[in-house]
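**Q** All I have is the shape, not the residue letters:
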């Protein structure tokens, strides 16, 4: 079974540019999550999709960030325009059944974003 | 809000020895779940072990075990017979019973010395 995949693995852009990150969850997983880790800090929750609907987007930093999940499959996270403080590693995770006792979130390898 | 604290940014252990990574958390919930994730240098984060708060018995997965102290809000990870492949960043995580998001600590970087 393929795991969670993310593309690209690295992205270096200049301040003011736009970047789009992609996440492909494990097949059959309805729940998809985005997290971000700024260097040396904890991994922080950004948002949660259930299929194509945003269940919780309380962690999104501001309106420069736009997440979509068309058709309830893969998801994209767009940052426009990027700022220096957006640098970090963006993780995607998926789970089959949210809030079940056996629920586990499976993480992708992350996308390292550097804004210069 | 829930917070997770990992007070050891870096740890090292001799191969075949035992090491304990500490984690404390703060919550007002009585029912929740705790996790340890491992992120090797290749960066894929992998679940190591999971503990349900309502279970008094400490979870064990082969060489990995936890010491869950609910009253103290402590959830440490013990790695026995450390192997070179255990070298990684370890993250402690909390998930409450009223939400789906995970709360993570800042991580502990474990080095295994041959």
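**A** Yes, it's here. Being a predicted model, the structure only gives us computed values, none of them experimental.
**Q** out of everything not next to it in sequence, what's closest to the spatially most central residue of chain B?
**A** Note on chain B: the residue nearest the mean C-alpha position is residue B:36, at 3.4 Å, using C-alpha atoms, centre = their mean. Using C-beta to C-beta, 6 or more residues apart in numbering or on different chains and skipping the chain neighbours, the partner closest in space to residue B:36 is residue B:48 (4.4 Å). Where you see a C-beta, it was placed from the backbone N, CA and C, and this is true even at glycine.
**Q** before we move on, what about residue B:21?
**A** residue B:77 (4.5 Å).
**Q** And that neighbour, its phi and psi?
**A** Backbone geometry at residue B:77, expressed as degrees, to the nearest 10, gives phi -110, psi 130.
**Q** For it, which residues count as its bridge partners?
**A** residue B:21, residue B:66 (DSSP bridges).
**Q** Touching, residue B:40 and residue B:83? I think so.
**A** No. Under the criterion of C-beta atoms under 8 Å, residue B:40 makes no contact with residue B:83, lying 12.0 Å away.
**Q** one step back: which ones are touching the residue nearest to residue B:21?
**A** B:20-21, B:23, B:36, B:48-49, B:64-66, B:90, B:92 (C-beta atoms under 8 Å, 6 or more residues apart in numbering or on different chains).
**Q** ok, 10 Å please
**A** B:6, B:19-23, B:34, B:36, B:38, B:48-49, B:59, B:64-67, B:90, B:92, B:108, B:110 (C-beta atoms under 10 Å, 6 or more residues apart in numbering or on different chains).
**Q** Which of the residues you listed are buried, as a PyMOL select command?
**A** Entered in PyMOL, the line below selects the buried ones among these, by 16 or more other C-beta atoms under 10 Å in any protein chain shown:
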select buried, chain B and resi 6+19+21+22+23+34+36+38+48+49+59+64+65+66+90+92+108+110
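**Q** Chain A: helices as residue ranges?
**A** Taking DSSP state H as the criterion, chain A carries no helices.
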